[in-house]
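Colleague: Any chance you could fold what I've pasted below:
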Amino acid sequence: MGRIAVAPSGRESPFGEDEIIVSKTDLKGRITYANDVFLRVSAYSLNEVVGAPHSIIRHPEMPRCVFKLFWDTIAAGKEIFAYVLNMASNGDHYWVFAHVTPTFDASGNAVGYHSNRRKPDEAQIAAIAPLYRSLREMEQGARGRKDGMREASERLNSILAEKGVAYDRFVFSL
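Modeller: Take a look at the predicted model:
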């Protein structure tokens with residue numbers, strides 16, 4: 001599936017505090033289900049997202065090291081909570097507080113992932129945005145993509161170690 005590059009618009013794609021964005025993916029991160037709230041807020045149709053990589057909604061200002069942490073955590077069979085800046089098909093952005101869990105079959109094998117996302121409040125966004133900005137700047141300032149991801153991941157891990165908490169406990173403290 002080809003995707004035309006869309007620049008961030010600077011506008012927010014609104015959704016209500018009582019709404020939940022839900023999606024499911026296979027083990028490779030390809031979308032297998034998206035609820036109506038996901039489709040409305042992301043400005044995609046169901047046909048556009050089913051089978052597409054979940055990264056279709058990745059905002060370019062979101063640090064890659066946070067997604068690495070996501071994947072490392074859920075691939076290990078654990079759940080994760082995180083703040084994520086997403087981008088709709090028209091370039092509008094929306095912040096979410098995500099809860100991502102592996103989905104297991106009857107034999108206990110992971111078969112995919114399930115994500116519920118709620119709207120964070122402005123204070124939480126204000127608390128996490130500067131950290132994400134600094135991690136993204138570190139990623140972009142490195143010699144290469146791999147070096148940038150490694151350096152930003154090390155920085156994030158050192159921040160968490162200083163606080164003595166895992167990432168999801170850190171985000172709950174904001």
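
Colleague: measure Met138 to Cys65 for me?
Modeller: Computed with Cβ to Cβ, to the nearest Å, the distance linking Met138 and Cys65 is 8 Å. Where C-beta positions appear, they are placed from N, C-alpha and C, glycine not excepted.

Colleague: In the beta-sheet assignment, what are the partners of Pro102?
Modeller: With DSSP bridges as the criterion, Pro102 is bridged to Tyr113.

Colleague: does it really touch Asn109, like I thought?
Modeller: No. Here Pro102 lies out of contact with Asn109, judged by Cβ atoms under 8 Å, at a distance of 9.6 Å.

Colleague: Those two: which is more packed in?
Modeller: Using other Cβ atoms under 10 Å, the more surrounded residue of Pro102 and Asn109 is Pro102, with 19 against 11.

Colleague: Show the pLDDT at that one.
Modeller: The confidence metric pLDDT takes the value 97 at Pro102.

Colleague: how about it, what does it touch?
Modeller: With contact set as Cβ atoms under 8 Å, 6 or more residues apart in numbering, Pro102 has these partners: Ile74, Gly77, Lys78, Glu79, Ala110, Gly112, Tyr113, His114.

Colleague: right, and the pair among those residues with maximum separation?
Modeller: Using Cβ to Cβ, the contacts of Pro102 reach their maximum pairwise distance at Lys78 and Gly112, which is 14.9 Å.

Colleague: Just want to know which of these two has more residues nearby.
Modeller: Neighbours were tallied for Lys78 and for Gly112 using other Cβ under 10 Å; the higher tally belongs to Gly112 (19 against 13).

Colleague: Pull the contacting residues for the more buried one.
Modeller: The contact partners of Gly112, by Cβ under 8 Å, 6+ apart, come to Lys24, Thr25, Asp26, Leu27, Thr32, Pro102, Thr103.
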